[in-house]
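> make a model of this:
(2 chains)
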Number of protein chains: 2
Amino acid sequence: MGILAIGSVAFDKVKTPFGAREEVLGGSVTYFSLAASHFAPVSIVAVVGEDFPESEVAFLQNRGIDTSALQRKKGETFRWEGEYEANINVRRTLATHLNVFADFSPQILEHHRSMDCLFLGNIDPELQQTVLLQMKRPRIVACDTMNYWIEGKPESLRRTLSLVDILIVNDEEARQIADEINLMKAASKILALGPKTLVVKRGEFGALMFNGTSVFSAPGFPMENVVDPTGAGDSFAGGFMGYLAASESLSEDALRRAIIYGSAIASFSICDFGPYHLGKLTSAQINNRYNEFHRLTQFDGI
Amino acid sequence: MGILAIGSVAFDKVKTPFGAREEVLGGSVTYFSLAASHFAPVSIVAVVGEDFPESEVAFLQNRGIDTSALQRKKGETFRWEGEYEANINVRRTLATHLNVFADFSPQILEHHRSMDCLFLGNIDPELQQTVLLQMKRPRIVACDTMNYWIEGKPESLRRTLSLVDILIVNDEEARQIADEINLMKAASKILALGPKTLVVKRGEFGALMFNGTSVFSAPGFPMENVVDPTGAGDSFAGGFMGYLAASESLSEDALRRAIIYGSAIASFSICDFGPYHLGKLTSAQINNRYNEFHRLTQFDGI
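Below you'll find the model as predicted:
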């Protein structure tokens, strides 16, 4: 039931209407693995620079995250800088310094090749395929991507999509992949490219899941205090995959529960800067939030 | 169980990515009453000009809508012109000619004063209060408003809000009334002004209902073919109020079902130009859509 997750580890410089932070631990696989670790064992494949403190590695390890495939390379760790507007849904990227992440070449260690679930974070689709080729047929393969690859390597991205079970992207990325503004039509086009399941993240508006002919809509959790949305999408993906890994089912019901668990973790993720509070969540808190989602959405049938 | 609804009747000139129409029957009370008429008897209070064809009056009457308080005044009927972008959620108003609507003074006829439910459409909040004073304590009073009154007559609007049970507005209006970007905080502030229930319309993202301490989130229906969103919000309000009028309950469960019926009608409203297809809906179609909303949103508790 373990998950192997490939992605970035970074240091973020973040400004939101509620404050500013520098050198905050970030990166897609950081948020993903912390979220997933509440449900299933996670091993990460990533790269950091010489400047990456052992204390941050220990923080991940304390959550039970296997860092045996965390490479340490000469140079600096990936750094990202962004700013959120008063309307906290609007984000501007101010700087991206890939540093050691620019030459990231994910190497799958022998003891990771048989893992049950694989999450291919947002990296070059060719690297995503290289990873897949090193794995022994995992039960579930999910991937993420971004506009940079959708525009820059569309053919390679299509090959990746033909090989995965689940694509997890945001609404703009889904529209861009399908070259179609209407999300329902975009979803049909994407499912025709290979994935059996498409999860579309919509920030504060929640998520849509297209699974075969079924559509599931989950709301964002209405929050009074959103401090920093950085990492919310990756936390969502982590909670989603973590639940699927633990449940050992890909039924529609299990997928829906996974969407809600992902949404629950994402709702905690945005309450503070950085990922540290994600590590401290209890299963009681997570299950309470799941139940709050249930009360938020349920109504009688006729 | 009847509803008295006050609002505008207009002719719209609309351009969307799917076509353009001129002199289409429109206005808030038109969409509202057609939607509500599928659930409960509706009487409208509105004004039209000399140019308003009897055939349009007959169209409303054929839906059982009582037009005895539809005033006909010297001059032209209200005209609105708008355009939707390729992203059909973005609308620009190109022209507003109030015409006879500029001097609209709603007169409540004797046989309407005891009606069970009152919907105060988007008119001057002072006129909304004038209408309320002419009514014999209706069981449910709901109102709508817009930025023009929120900015122009804030004190008068607060008096209206102190007198109604339910406020139905869109997210931007809710934020503006409360002077608060965060929707949860805005909702708390608005409920403190008087309404027991706040319904926040969010277009394609559905609706949020704040009822006392409970929050309910309903999605927009994922649509492949959105032709013209004009009137969707008013159709939503009509279906919502229609169901409440018919159910004779204001319980949380009834309010939630009303939100879904409103959402169901709104989803049909946007499939074509104008309101004519709203008149042709069958209760089987409406109930099927309700069930589709149920399948779209439900998941297991834990």
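> in the lengthiest helix in chain A, which residues are buried?
As assigned by DSSP state H, the longest helix anywhere in chain A is helix A:252-269. Residues A:254-269 are the ones in helix A:252-269 that count as buried (16 or more other CB atoms under 10 Å in any protein chain shown). Where you see a C-beta, it was placed from the backbone N, CA and C, and this is true even at glycine.
> cool, stretch A:45-57 as well?
Buried, per 16+ other CB under 10 Å, within stretch A:45-57: A:45-49, A:52, A:56-57.
> hey, where'd the helices end up in chain A?
Under DSSP H, chain A gives helices at A:28-36, A:54-62, A:125-134, A:147-152, A:154-163, A:171-178, A:183-192, A:232-247, A:252-269, A:276-280, A:283-297.
> CA atoms only for the shortest one - export them in CSV, please.
By that I understand helix A:276-280. Output of helix A:276-280 as CSV, limited to C-alpha atoms (Å, rounded to 0.1, in the frame of the first residue of the first chain):
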residue,chain,number,x,y,z
TYR,A,276,4.9,22.2,9.3
HIS,A,277,1.4,22.2,10.7
LEU,A,278,0.5,19.5,8.2
GLY,A,279,2.8,17.2,10.1
LYS,A,280,1.0,17.8,13.4
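> which residues touch A:Ile302?
Applying CB atoms under 8 Å, 6 or more residues apart in numbering or on different chains to A:Ile302 gives the contacts B:257, B:287, B:290-291, B:294.
> buried ones in stretch A:189-206?
A:190-191, A:193, A:195, A:197-206.
> A:Phe119 versus A:Gly212, what's the distance?
To A:Phe119, A:Gly212 is 21 Å away according to CB to CB, to the nearest Å.
> so between these two, which is more surrounded?
Ranked by neighbour count (other CB atoms under 10 Å in any protein chain shown), A:Gly212 and A:Phe119 place A:Phe119 first, with 33 against 9.
> so the residue lying closest to the more buried one once chain neighbours are set aside bridges to which residues?
Spatial nearest neighbour of A:Phe119, chain neighbours left out: A:Ala5 (4.3 Å); criterion: CB to CB, 6 or more residues apart in numbering or on different chains. For A:Ala5, the beta-bridge partners are A:Ile44, A:Phe119 (DSSP bridges).
> any idea how many residues pack against A:Ala5?
Around A:Ala5 there are 30 residues (other CB under 10 Å).
> OK, contacts around it?
A:29, A:32-33, A:36, A:42-45, A:118-119, A:121, A:238, A:241.
> and with 7 Å instead?
A:29, A:32-33, A:36, A:42, A:44, A:119, A:121 (CB atoms under 7 Å, 6 or more residues apart in numbering or on different chains).
> so which of those residues comes closest to chain B?
Distance to chain B across those (CB to the nearest CB) is lowest for A:Ala36, with 18.2 Å.
> for that closest one, give its distance to A:Asn99.
25 Å.
> neighbour count winner among those two?
Counted by other CB under 10 Å, A:Ala36 and A:Asn99 do not tie: A:Ala36 has more neighbours, with 34 against 19.
> please report how far the residue nearest to that one when sequence neighbours are not counted lies from chain B.
Closest residue to A:Ala36 apart from its sequence neighbours, by CB to CB, 6+ apart: A:Gly242 at 3.5 Å. Computed as CB to the nearest CB, to the nearest Å, the A:Gly242 to chain B distance reads 15 Å.
> A:Gly242: neighbouring residues, count only.
With other CB under 10 Å as criterion, A:Gly242 counts 30.
> then A:Ser235?
For A:Ser235, using other CB under 10 Å, the count is 29.
> surely it meets A:Gly279?
No - counting by CB atoms under 7 Å, A:Ser235 does not reach A:Gly279; the two are 11.5 Å apart.
> can you list residues touching both of those two?
With CB under 7 Å, 6+ apart, A:Ser235 and A:Gly279 have no common neighbours.
> quick revisit: reformat the contacts of A:Ile302 as a markdown table; add distance to A:Ser105 and pLDDT.
Formatted as a markdown table, the contacts of A:Ile302 follow (distance: CB to CB, whole Å; pLDDT from 0 to 100):
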| residue | distance to A:Ser105 | pLDDT |
| --- | --- | --- |
| B:Arg257 | 55 | 98 |
| B:Asn287 | 57 | 98 |
| B:Tyr290 | 53 | 98 |
| B:Asn291 | 51 | 98 |
| B:His294 | 48 | 98 |
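> filter the residues you listed to the buried ones?
Neighbour counting by 16+ other CB under 10 Å classes B:257, B:290 among these as buried.
> picking up where we left off before, quick one: the buried residues of stretch A:189-206 as TSV, columns for pLDDT too.
Shown next, in TSV, are the buried residues of stretch A:189-206 (pLDDT from 0 to 100):
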residue	pLDDT
A:Ile190	98
A:Leu191	98
A:Leu193	98
A:Pro195	98
A:Thr197	98
A:Leu198	98
A:Val199	98
A:Val200	98
A:Lys201	98
A:Arg202	96
A:Gly203	94
A:Glu204	94
A:Phe205	96
A:Gly206	97
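> quick check, nearest of those residues to chain B?
Nearest to chain B among the buried residues of stretch A:189-206, with distances taken as CB to the nearest CB, is A:Phe205, at 4.5 Å.
> do you know how far the residue positioned nearest the centre of chain A is from A:Ile44?
In chain A, the C-alpha closest to the average C-alpha coordinate belongs to A:Asp234, at a distance of 2.7 Å (CA atoms, centre = their mean). A:Asp234 sits at a distance of 12 Å from A:Ile44 (criterion: CB to CB).
> so how far is chain B from the closest residue to A:Val131 other than its chain neighbours?
Spatially, and ignoring its direct neighbours in sequence, A:Val131 is nearest to A:Pro106 (5.2 Å; CB to CB, 6+ apart). Counting by CB to the nearest CB, the gap from A:Pro106 to chain B is 34 Å.
> same question for A:Ala187.
8 Å.
> next one: A:Pro275
23 Å.
> try A:Asn62
Counting by CB to the nearest CB, the gap from A:Asn62 to chain B is 26 Å.
> ok, that residue - contacts?
Shown in contact with A:Asn62 (CB under 7 Å, 6+ apart): no residues.
> cool, the one 10 residues further on as well?
When the contact criterion is CB under 7 Å, 6+ apart, the partners of A:Arg72 are A:48, A:50, A:52.
> related to what we said a few turns ago, which residue packs closest to the residue nearest to the centre of chain A, ignoring adjacent ones?
A:Asp234 sits nearest to A:Tyr31 (CB to CB, 6+ apart), 3.7 Å away.
> what is the burial count for that neighbour?
A:Tyr31 is flanked by 28 other residues according to other CB under 10 Å.
> for it, give me its contacts.
A:231, A:234-235, A:238, A:269, A:275, A:278.
> 6 Å - rerun?
If you count contacts by CB atoms under 6 Å, 6 or more residues apart in numbering or on different chains, A:Tyr31 has them with A:231, A:234-235, A:275.
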